[in-house]
Structure formats: C-alpha cells, structure tokens
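here's my sequence, what's the structure:
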Amino acid sequence: MVIAYGPSHIRDVATGGLSNLLVSTAAARVGDWLKLAMTALLITSLFAAALSFQNTISRYLFALGRDGLLPKALGSTDPVHQSPRLACRSYTIGALVFIGIAAALQLDPYTILYSWLAAASALGILVVQLLVCVAIVRYFNADQRGTTLWQSRISPILSIVGLGGFLLLALTNLSLLTGDQSWRVWLIPAAIAVVGLLGWWRSRQVEVNVSNSLAAVVGE
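As a prediction, the model looks like this:
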C-alpha cells in the first residue's frame with residue numbers, strides 16, 4: 001500500500017477511506033474485476049472465520065460445562081447429532097446481544113470493536129500460553145515421567161521468559177495496540193484478570209465438590 005501511493009501520501013489516502021483502501025487500490029492499479037474478486041474472497045473468508053469462531057467457542061463452552069466450571073447444561077449434546085447444541089445457541093445469543101449493544105452505542109466496527117477485541121484476544125492468548133508453561137514446570141516438578149531436563153525445565157522456562165516479555169511489551173504499548181489513548185484500554189487486561197480469578201475460584205469449588213464426593217464414597 002505504501003509503494004502504491006508513496007510514503008508521503010499514504011497517510012492522507014488512508015485517512016480519507018481506510019475501509020475500502022485495499023480494494024480501491026486494486027481497482028485503480030489493476031481493474032474493477034480484481035476489486036470484485038477481492039471483495040468476494042473477503043466476504044467468504046469472513047464467513048469462514050465466523051464459522052470457525054462459532055465452532056471453537058461452542059466447544060469451549062461445552063467442555064467448561066461438562067467439567068462443571070460453567071452451568072452443566074452447556075455440557076449436554078444433541079440426542080441425534082451429538083453436537084453441543086445448547087453451547088452453540090448460547091454463544092449465538094450472546095453474540096447477537098453484544099452486536100446489538102455495539103450498534104445501539106454506535107461503536108465504530110473497525111476502530112473500536114475490531115481493535116479492542118483483537119487486543120483482548122492477543123493478550124488473552126499470551127496469558128494462556130504463559131500459564132500453560134508455568135503449569136508444565138509445576139506438573140513435572142512432582143514427577144518427571146521420563147522427560148528430559150530440556151523438556152521439563154529449560155524449554156518451558158525459556159518460553160515463560162519469552163512470553164512474559166511479549167506480554168510486558170503488549171501491556172506497555174496497549175494504547176498503540178488498540179488505537180485508543182484513553183484510560184479505557186486498561187479495562188481489557190482488567191477484564192482478563194477478573195475472568196481468570198473467577199475461573200480459579202470456580203475450579204477450586206469443583207475440586208472441593210469432587211473431594212467431598214470421593215470422601216463420601218470411601219466412607220460408605
């Protein structure tokens with residue numbers, strides 16, 4: 001894009017119409033047929049991405065419901081297709097409610113919704129991967145299970161350092177990542193922290209319930 005318009009003009013062009021910049025450039029440099037082809041591919045790829053999100057989140061809700069971390073009903077399946085029907089419908093309803101709220105508040109789909117959700121996803125993935133590495137070290141600390149020192153210690157520790165560095169960079173440049181210079185950007189890591197604490201609290205409850213159930217069985 002910079003080459004097409006030149007370093008001194010790309011900012012003005014993007015400010016004038018960022019949403020259509022890519023396809024407009026294709027039409028101007030190649031022809032309208034490429035603009036139509038790129039638009040069709042964009043729409044179909046967005047549908048594929050939305051479908052993959054639907055499937056992935058439905059499976060997560062199903063697994064969390066099955067394990068008791070969310071309402072048990074989410075862990076049920078369709079009697080015929082064995083698909084996580086209630087989890088899928090719950091996500092659909094939640095997405096529609098969220099979109100309705102965003103529309104009512106007239107939030108910009110690109111500069112607010114996309115930027116904020118992309119930043120939240122990036123931070124969330126980094127936090128989860130970091131916690132997985134910590135869990136690996138703790139798990140193999142009790143039992144090596146035939147693993148080497150590299151597998152159980154060095155590799156996950158290096159990953160913790162690297163992912164921790166990336167997370168720190170993301171947090172210190174959160175305004176750049178979201179495109180928002182206000183204090184509101186800190187609601188993103190705050191929300192991730194709250195969800196993490198709720199998950200930890202709920203998992204502790206499940207562990208206590210399982211322990212009590214086992215104790216009752218042993219007592220009988």
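
was I right to think residue 71 contacts residue 62?
No: assessed by Cβ atoms under 8 Å, residue 71 is found out of contact with residue 62, at 11.4 Å. For glycine as for every other residue, the C-beta is placed from the backbone atoms N, C-alpha and C.

these two: which has the busier surroundings?
Set residue 71 next to residue 62 and count neighbours by other Cβ atoms under 10 Å: residue 62 wins out with 22 against 13.

number of residues surrounding residue 160?
Residues lying near residue 160 (other Cβ under 10 Å) number 18.

what's the separation between the nearest residue to it once chain neighbours are set aside and residue 139?
Leaving aside its chain neighbours, residue 160 sits nearest to residue 133 (4.7 Å; criterion: Cβ to Cβ, 6 or more residues apart in numbering). Counting by Cβ to Cβ, to the nearest Å, the gap from residue 133 to residue 139 is 11 Å.

neighbour count: these two, which is higher?
The neighbour comparison of residue 133 against residue 139 (other Cβ under 10 Å) goes to residue 133, with 20 against 13.

that one and residue 153 touch, don't they?
No: under the criterion of Cβ under 8 Å, residue 133 makes no contact with residue 153, lying 11.1 Å away.

residue 170: neighbour count?
Neighbour tally, residue 170, other Cβ under 10 Å: 17.

you'd agree it is up against residue 123?
Yes: judged on Cβ under 8 Å, residue 170 makes contact with residue 123 at a distance of 5.9 Å.

output stretch 144-154 in CSV with nothing but the alpha carbons.
C-alpha atoms of stretch 144-154 as CSV (Å, rounded to 0.1, in the frame of the first residue of the first chain):
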residue,chain,number,x,y,z
GLN,A,144,9.5,-36.3,35.7
ARG,A,145,7.6,-39.1,33.8
GLY,A,146,10.6,-40.0,31.8
THR,A,147,11.1,-36.5,30.4
THR,A,148,14.5,-34.9,29.9
LEU,A,149,15.7,-31.7,31.6
TRP,A,150,15.2,-29.8,28.4
GLN,A,151,11.5,-30.9,28.1
SER,A,152,10.5,-30.4,31.7
ARG,A,153,12.6,-27.4,32.8
ILE,A,154,14.7,-25.5,30.3
